[in-house]
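Asker: heads up, no residue letters with this:
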């Protein structure tokens, strides 16, 4: 496929802690085309941010490692690039925005400086041109009075405005891929919608591909073409958003869907939740990672890892009981007391 | 900003007034009669009384105090009892010597201490880090008088590289001048250097884990700039605080170092004056050092603002808003 911009095959990420190894990500596969948006969803600790950080090769030095896997971006083998080559990719070809805009901007430099720096790191242009570019980028992301704002410091901006600045920095070099690590989580609901809208319109304009990391399925339905559902370092289900929206198959995906706020919960009913908590990834897990919390788990789930199976075209599920020939019966919701 | 500095300068006046009172009281509390000390053990009681009259020591304390303050307001620090010279000219003789020693010690301390702290923080828990930390721990705890003597013993007595004591003059040539400066500067630099290394390390460690450092890395900036620009500028505030304290201490005259190396600076002047009960000189020099101290602190407060845009001075009182 020629317009495939990113291909991740069997990516493993391990973290070394004092006494043990945490297997944070196991065998993640990603395929992303130009202009496509991929959502990675999962609860905290599911490995979604780690996956994104690994794509940028920004795992903490000496602690995080990628023992297995292949990342091909725009034809380049990311994991075999030198540090210098990788720096040329970062910010230029792949840009990233982070969860908390309040802490992601450097407080002692003006926002203008921070945008200019990104531009001048990757392009041979004068300071003056970079300044104009910074003003232009602020205008693009919808910041009023950009000529004045460009000289201001991050603490003089609101959270939503700061996230716009982050987007301006990220898009200043026209990256082919934008990784957005929970870009709206720290923002007010009204501002969230604006930021998503902004990202969508800029994606249209610049043909950018986006990886959207979130725990909010609502964001996925709205923004993404494809989705990967992650749980405890594993991909449990992946496919086109429409397919998974219409026909989610993995019990964990069901759990995620059920624990969203709906009209039903607003009418005074309790919010369903998935009981229990994710397994400790320091310990080896024989069976399915979700087995301990899965209401459908049987003996086999505790002893054998489920293989990913393509149950219908492009829809991959890792569950012993969701195969081409066999389907689970979805049960009543579980409410947390 | 200009308005702020002006306001702070005016604020300094009451501070200096209070210091003047304290200095006056303390010098009167030094045991021993200056007149008796000056005239020596053979002096008769009448002679001593006569000298006390001359010095105004028999006046009531408050009369002495108003006399002192009155002179101060006119910029008169008094005349030394032992040197028979105006105190201000004594200070102006000695202060440049202290200044030269302080500046060279400070340059050594900053040039070694801060990079050591930065490297230590960016390679946390490495052999390099441990080495820097152990050396700086020794640096802050080593007794200065011992270190000074050891340096003299080794580099002057054994190797003969540097003169053991005294201060060179430019007339003897630049090289000789510098040679005289080396050992006292190193001795004086030890504590500030170790202090800078430690504060830089801890301040950098706090900053390096911040999100904006990740942002900087994600932009594709060289690691050198991520650490040296993005992290360091954020780590500067606590370093500045320590810098202010160290500069004030160094400018006040390093009593021990100046004594070991017979360096004709402020520290020696004060020690000699105390020895001889020359309370006029003690009053003058201590007050002078206090003024230097508050001025350095004002300068540091202004630097805070330059380094950290979140510091807001418009409310009148300085402070770092985080």
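Answerer: Nice, I can see it. Given the structure is predicted, the values throughout are model-derived calculations rather than measurements.
Asker: Please count neighbours and contacts with C-alpha atoms only from this point.
Answerer: OK.
Asker: residues in contact with residue 145?
Answerer: You didn't pick a chain, so chain A it is. Counting by Cα atoms under 8 Å, 6 or more residues apart in numbering or on different chains, residue A:145 touches residue A:139.
Asker: if you could check chain B rather than the one you did, that'd help
Answerer: Taking Cα under 8 Å, 6+ apart as the test, what residue B:145 contacts is B:256, B:257, B:260.
Asker: In terms of pLDDT, where does it sit?
Answerer: At residue B:145, the model reports a pLDDT of 82.
Asker: And it, how close does it get to residue B:181?
Answerer: Residue B:145 is 17 Å from residue B:181, where distance means Cα to Cα, to the nearest Å.
Asker: Tell me the spatial nearest neighbour of the closest residue to chain A within the stretch 51-200 of chain B, not counting adjacent residues.
Answerer: For the stretch 51-200 of chain B, the residue closest to chain A is residue B:123, as judged by Cα to the nearest Cα, at 10.0 Å. Of all residues not flanking residue B:123 in the chain, residue B:129 sits nearest, at 6.3 Å (Cα to Cα, 6 or more residues apart in numbering or on different chains).
Asker: Report how many residues lie close to residue 289.
Answerer: I went with chain A, as the question did not name one. Using other Cα atoms under 10 Å in any protein chain shown, the number of residues around residue A:289 comes to 23.
Asker: That was the other one, I meant chain B.
Answerer: Using other Cα under 10 Å, residue B:289 is surrounded by 18 other residues.
Asker: And the contacts of residue B:145, which of them are buried?
Answerer: B:256, B:257, B:260 (16 or more other Cα atoms under 10 Å in any protein chain shown).
Asker: name the element the first one belongs to?
Answerer: Which is residue B:256. In this structure, residue B:256 sits in helix B:255-260 according to DSSP states H and E.
Asker: so after that helix, what's the next helix or strand?
Answerer: Next along the chain after helix B:255-260, taking DSSP H and E as the criterion, comes helix B:266-275.
Asker: and the angle for the next helix or strand along the chain from that next one with helix B:266-275?
Answerer: Next along the chain after helix B:266-275, taking DSSP H and E as the criterion, comes helix B:279-307. Angle, helix B:279-307 to helix B:266-275, by axes from the mean of the first three to the mean of the last three Cα atoms, to 10 degrees: 150 degrees.
Asker: Could you tell me which residues within the helix or strand hosting residue A:26 count as buried?
Answerer: In this structure, residue A:26 sits in strand A:21-33 according to DSSP H and E. Buried residues in strand A:21-33, defined by neighbour count with 16+ other Cα under 10 Å: A:21, A:22, A:23, A:24, A:25, A:26, A:27, A:28, A:29, A:30, A:32, A:33.
Asker: Pull up the pairing partners for that strand, direction included.
Answerer: strand A:4-16 (antiparallel) (DSSP bridges).
Asker: Could I get the average pLDDT for the strand it pairs with?
Answerer: Strand A:4-16 comes out at a mean pLDDT of 89.
Asker: What are the contacting residues of that strand?
Answerer: A:21-34, A:50-51, A:54, A:62-75, A:176, A:209.
Asker: What separation is there between residue A:157 and residue A:185?
Answerer: 18 Å.
Asker: Excluding chain neighbours, what is closest to whichever residue of the stretch 101-250 of chain A sits closest to chain B?
Answerer: Nearest residue of the stretch 101-250 of chain A to chain B (Cα to the nearest Cα) works out as residue A:104 at 4.2 Å. Spatial nearest neighbour of residue A:104, excluding adjacent residues (Cα to Cα, 6+ apart): residue B:212 at 4.2 Å.
Asker: Contact residues of the stretch 151-300 of chain B facing chain A?
Answerer: B:210-215, B:217-222, B:230, B:233-234 (Cα under 8 Å from any Cα of the partner chain).
Asker: out of those residues, which one sits closest to residue B:202?
Answerer: residue B:234 (12.2 Å; Cα to Cα).
Asker: Can you report how many residues lie near that closest one?
Answerer: So residue B:234, with other Cα under 10 Å, has 20 neighbours.
Asker: Over to the one 5 residues further on?
Answerer: The local packing of residue B:239 (other Cα under 10 Å) involves 21 other residues.
Asker: shouldn't it be in contact with residue B:200?
Answerer: Yes. Counting by Cα atoms under 8 Å, residue B:200 is a contact partner of residue B:239 at 6.2 Å.
Asker: before we move on, back to that, just read off the phi/psi values of the residue of the stretch 51-200 of chain B closest to chain A.
Answerer: When read as degrees, to the nearest 10, the backbone of residue B:123 gives phi -120, psi 50.
Asker: I figured it hits residue B:132, correct?
Answerer: No. Taking contacts as Cα under 8 Å, residue B:123 lies outside contact range of residue B:132: 10.9 Å.
Asker: Now the least confident helix or strand in chain B by mean pLDDT: buried residues?
Answerer: Ranking every helix and strand in chain B by mean pLDDT, DSSP states H and E puts helix B:34-39 at the bottom, with a mean of 74. Using 16+ other Cα under 10 Å as the test for burial, helix B:34-39 gives B:34, B:35, B:36, B:38.
Asker: Which single one of those residues is nearest to residue A:240?
Answerer: residue B:34 (95.4 Å).
Asker: The closest one and residue B:275 touch, don't they?
Answerer: No. With contact defined as Cα under 8 Å, residue B:34 does not reach residue B:275; the gap is 9.8 Å.
Asker: who's in contact with stretch B:26-33?
Answerer: So stretch B:26-33 is contacted by B:277, B:279, B:282, B:283 (Cα under 8 Å, 6+ apart).
Asker: Any idea how many residues pack against residue B:88?
Answerer: 19.
Asker: residues in contact with it?
Answerer: Residues near residue B:88 by Cα under 8 Å, 6+ apart: B:76, B:77, B:78, B:284.
Asker: State the number of residues packed around residue 177.
Answerer: No chain specified, so I'll use chain A. Neighbours of residue A:177 (other Cα under 10 Å): 30.
Asker: think we crossed wires, I meant chain B
Answerer: Neighbour tally, residue B:177, other Cα under 10 Å: 15.
Asker: Setting aside sequence neighbours, what's the nearest residue to it?
Answerer: Spatial nearest neighbour of residue B:177, excluding adjacent residues (Cα to Cα, 6+ apart): residue B:168 at 4.5 Å.
Asker: Need the pLDDT of the one you found.
Answerer: Residue B:168 is assigned 72 on the pLDDT scale.
Asker: Same check on residue B:317?
Answerer: 44.
Asker: Buried ones from the contacts of stretch B:26-33, can you make that a PyMOL selection?
Answerer: Here is the PyMOL selection string for the buried members of those, based on 16+ other Cα under 10 Å:
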select buried, chain B and resi 277+279+282+283
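Asker: Tabulate the contacts of stretch B:26-33 (CSV), appending distance to residue A:4 and pLDDT.
Answerer: Putting the contacts of stretch B:26-33 into CSV (distance: Cα to Cα, whole Å; pLDDT from 0 to 100) gives the following:
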residue, distance to residue A:4, pLDDT
B:277, 88, 77
B:279, 86, 79
B:282, 81, 84
B:283, 81, 84
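Asker: which one of the contacts of stretch B:26-33 sits closest to chain A?
Answerer: residue B:283 (42.9 Å).
Asker: low-scoring stretches of the chain, by residue?
Answerer: Unless you meant another one, I'm taking chain A. A:1-2, A:262-268, A:332-337 (pLDDT under 70).
Asker: wait, chain B
Answerer: B:252-253, B:313-322.
Asker: now the helices for it?
Answerer: B:2-29, B:34-39, B:45-55, B:61-73, B:87-122, B:127-141, B:144-151, B:174-208, B:211-218, B:223-225, B:232-251, B:255-260, B:266-275, B:279-307 (DSSP state H).
Asker: For residue A:306, which three-state class applies?
Answerer: Recorded secondary structure, residue A:306: coil (DSSP: H, G, I helix; E, B strand; the rest coil).
Asker: tally of neighbours for it?
Answerer: Here the number of neighbours of residue A:306 (other Cα under 10 Å) works out to 19.
Asker: residue boundaries of the helices in chain A?
Answerer: Going by DSSP H, chain A shows helices at A:48-55, A:83-89, A:101-104, A:111-122, A:127-140, A:146-149, A:159-171, A:189-206, A:217-223, A:241-246, A:251-258, A:263-266, A:299-303.
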